[in-house]
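> for reference, the sequence and a predicted model appear below.
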Amino acid sequence: MKKILLASALTVASASAFASDGYCTDVGTVADYSYSWNGTNYVLCELPASITTNVTLFNGIDVDEDAPVLWALPGIVTVGDGYVQNTSYAAANHSVLTIEAGVNVIATANNAALVIARGAKINAVGTASNPIVFSSADEDFTGEGEWGGVILSGYGVANECTSGDTCLMEGISSNYYFGSGSSSKAANETGSGTMYYVAITEGGTEINVNDPDDVANGGNEINGLTLYGVTSSTIISNIHVNENLDDGIEFFGGDVDVSNLWLTCNGDDSVDWDYGFHGSITNVYIEQGDKNGAADHAFELAGNPNNYAATPLATAAVEGAYVEFVGDNADADTDFVFKLKEGTDGYFNNIVVTGYNTGTTQNCDAISSTNISSADFGTMSVDCSVVDAMTFSATGPSSFTKATTFWTAAPACN
């Protein structure tokens, strides 16, 4: 209840932030004084590679140029310095990036991404009628892999990194670290900020690890929204991730609670958790396709792929999910709705699965037998075939219904 009340207060507060004016040069650099995008000429303001002071991406007019501002990610933009190996919370920079409702942030380079490092915060508070939108620079909001994605990192527990700062982020630079969290009260009070009514589309670029560009020299794909050790004092609600080349959302440890999540037509899994994630997902709406010829799952869940017994085990909860298959060729042997891998437990309740009865029997689940002891499925309605009935045993039919996304500009799945 506390989070709901706080989120509501933030929504009201953000209404007063509409169309505030300012100077691009207070935040970044003018890259184009008359940049045409979706029928409007903007001042294109490029964000710097590193942000270590409190800044605001305002939704309004650049006072110097008397034109609206469009914000740009020209590469990897990092808020704070907590990504440096062995940076403690006390030593980390605690800058806050505020993004006003209605702001569009475009990536003008394929290897662009926004990284909120440990210790820093994002305050991205949109509304249902004025969401914040991250996309590539094209004007149609469609096309996966055209830029990176949004990454938050906190000081929560990731069970791969409990003995030191040894975990590297995927898909950005080789020296971006996360981990070293603890279960102490102090660590759990260090949140990563707020994301509220935010859309992220066209991301997931695959970065060439041999690229001489020093901001693109490690990892492979980036998820639409990636959460590294993000704690429960972070507010993430009403998020739409569309057409990401890799996963829609992935959790690497932490215990953040995410609510009202739309994941549409992402190229790999819609939801992925690893490294002992022990938070929750409430109300998730998934349109899962069969892109790229890969094994694409609505939920691909693991505790720790390197150590099946690593603690804490992943024990997250999914309360309310509507999973709709929208592809053409679901493969009963690979495209599972639930792919529960080694070292994860979980609670799944009020789930609807539809569209998987494609003329051949599609399997709902592929569940490992290693260190999965308490996976619990509550009320469910499915049109696929349950394979592991011993673990996958529903108690009755679900009444969960599909909800329309807040993001009215969301494209249909390609």
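All right, it came through fine.

> low-confidence ranges, the stretch 301-414 of the chain, go.
Low-confidence segments of the stretch 301-414 of the chain (pLDDT under 70): 329-334, 358-361, 390, 414.

> tell me the secondary structure for the closest residue to V284 other than its chain neighbours?
Once flanking residues are discounted, V284 sits nearest to L261: 4.4 Å by Cβ to Cβ, 6 or more residues apart in numbering. C-betas here are computed from N, CA, C, even on glycine. Classification of L261 using DSSP: H, G, I helix; E, B strand; the rest coil returns strand.

> touching, L261 and Y285? I think so.
Yes - L261 lies in contact with Y285 (Cβ atoms under 8 Å); the separation is 7.1 Å.

> mind listing the helices for this protein?
Here the chain has its helices, by DSSP state H, at 2-15, 185-188.

> tally of neighbours for D140?
Using other Cβ atoms under 10 Å, D140 is surrounded by 13 other residues.

> spit out the contact partners of the residue nearest to V284.
L261 is in contact with 239-241, 249, 281, 283-285, counting by Cβ atoms under 8 Å, 6 or more residues apart in numbering.

> so how far is F336 from it?
L261 is 20 Å from F336, where distance means Cβ to Cβ, to the nearest Å.

> again, but for D165
D165 sits at a distance of 34 Å from F336 (criterion: Cβ to Cβ).

> neighbour count: these two, which is higher?
The residue with more neighbours, out of D165 and F336, is F336; 26 against 16, by other Cβ under 10 Å.

> least confident of the helices of the chain, on average?
The stretch with the lowest mean pLDDT among the helices of the chain is helix 2-15, at a mean of 41.

> specify the beta-bridge partners of V258.
Counting by DSSP bridges, V258 forms beta bridges with I236, I281.

> so what's T87 up against?
If you count contacts by Cβ under 8 Å, 6+ apart, T87 has them with 81, 118-119, 165, 177.

> most neighbours among those residues, please name it.
Using other Cβ under 10 Å as the neighbour criterion, R118 leads these with 31 neighbours.

> that one reaches A92, doesn't it?
Yes - R118 is within contact range of A92, at 5.7 Å (criterion: Cβ under 8 Å).

> now the common contact residues for the two.
With Cβ under 8 Å, 6+ apart, R118 and A92 have common neighbours 80, 82.

> can you pull out the strands in the stretch 301-414 of the chain?
Ranges of strands in the stretch 301-414 of the chain, per DSSP state E, counting those that start in this stretch, are 314-325, 338-340, 344-354, 365-367, 376-377, 380-381.

> quick one, the first one and strand 344-354 angle?
Using axes from the mean of the first three to the mean of the last three Cα atoms, to 10 degrees, the direction of strand 314-325 lies 20 degrees away from that of strand 344-354.

> what pairs with strand 314-325, parallel or antiparallel?
strand 280-288 (parallel), strand 344-354 (parallel).

> kindly report the same for the second one.
Paired neighbours of strand 338-340 in the sheet (DSSP bridges): strand 299-301 (parallel), strand 365-367 (parallel).

> so of those, which one's packed in deepest?
Per-stretch averages of neighbours, counted by mean count of other Cβ atoms under 10 Å, single out strand 299-301 among these, with a mean of 26.

> what's that one in contact with?
247, 269-273, 314, 316, 318, 337-341, 344, 346.

> now do stretch 126-134
Residues external to stretch 126-134 that are found in contact with it (Cβ under 8 Å, 6+ apart): 11, 14-15, 18, 59, 99-107, 114, 124-125, 141, 149-150, 196-201, 203, 238, 240, 406-407, 409.

> is E46 in contact with T25, as I believe?
No - E46 lies out of contact with T25 (Cβ under 8 Å); the separation is 10.9 Å.

> run a quick neighbour tally on S88.
Counted with other Cβ under 10 Å, residues neighbouring S88 total 12.

> from W262, how far out is it?
Where W262 is concerned, S88 sits at a distance of 36 Å (Cβ to Cβ).

> cool, and G224?
To W262, G224 is 11 Å away according to Cβ to Cβ.

> quick one, which of these two is more surrounded?
The residue with more neighbours, out of G224 and W262, is G224; 31 against 24, by other Cβ under 10 Å.

> any chance you could read off phi and psi for the more buried one?
Dihedral pair for G224: phi -60, psi -50, per degrees, to the nearest 10.

> my guess is it contacts G204, does it?
Yes - the criterion here is Cβ under 8 Å, and G224 meets it with G204 at 6.6 Å.

> what sits in contact with each of those two?
In contact with both G224 and G204: 149, 244, 246-247, 266, using Cβ under 8 Å, 6+ apart.

> give me the buried positions along stretch 232-246.
Neighbour counts over stretch 232-246 (16 or more other Cβ atoms under 10 Å) mark 232-246 as buried.

> what about it, start to end distance?
The first and last residues of stretch 232-246 sit 25 Å apart, counting by Cα to Cα, to the nearest Å.

> same deal with stretch 365-376?
End-to-end distance for stretch 365-376: 13 Å, by Cα to Cα.

> and the contacts of that stretch?
If you take Cβ under 8 Å, 6+ apart as the criterion, stretch 365-376 is touched by 303, 308-309, 313, 315, 336-348, 386-388, 391-392.

> next, the buried residues of that stretch.
Applying a neighbour-count criterion of 16+ other Cβ under 10 Å, one finds 365-368, 371-372, 375 buried in stretch 365-376.

> would you mind measuring from the residue nearest the centre of the chain to G204?
With distances taken as Cα atoms, centre = their mean, the residue of the chain nearest its centroid is L225 (1.8 Å). In this view, L225 and G204 are 11 Å apart by Cβ to Cβ.

> any idea how far S280 is from the spatially closest residue to S232 that is not a sequence neighbour?
Excluding the flanking residues, the one nearest S232 by Cβ to Cβ, 6+ apart is D255, at 4.8 Å. The span separating D255 from S280 equals 8 Å under the rule Cβ to Cβ.
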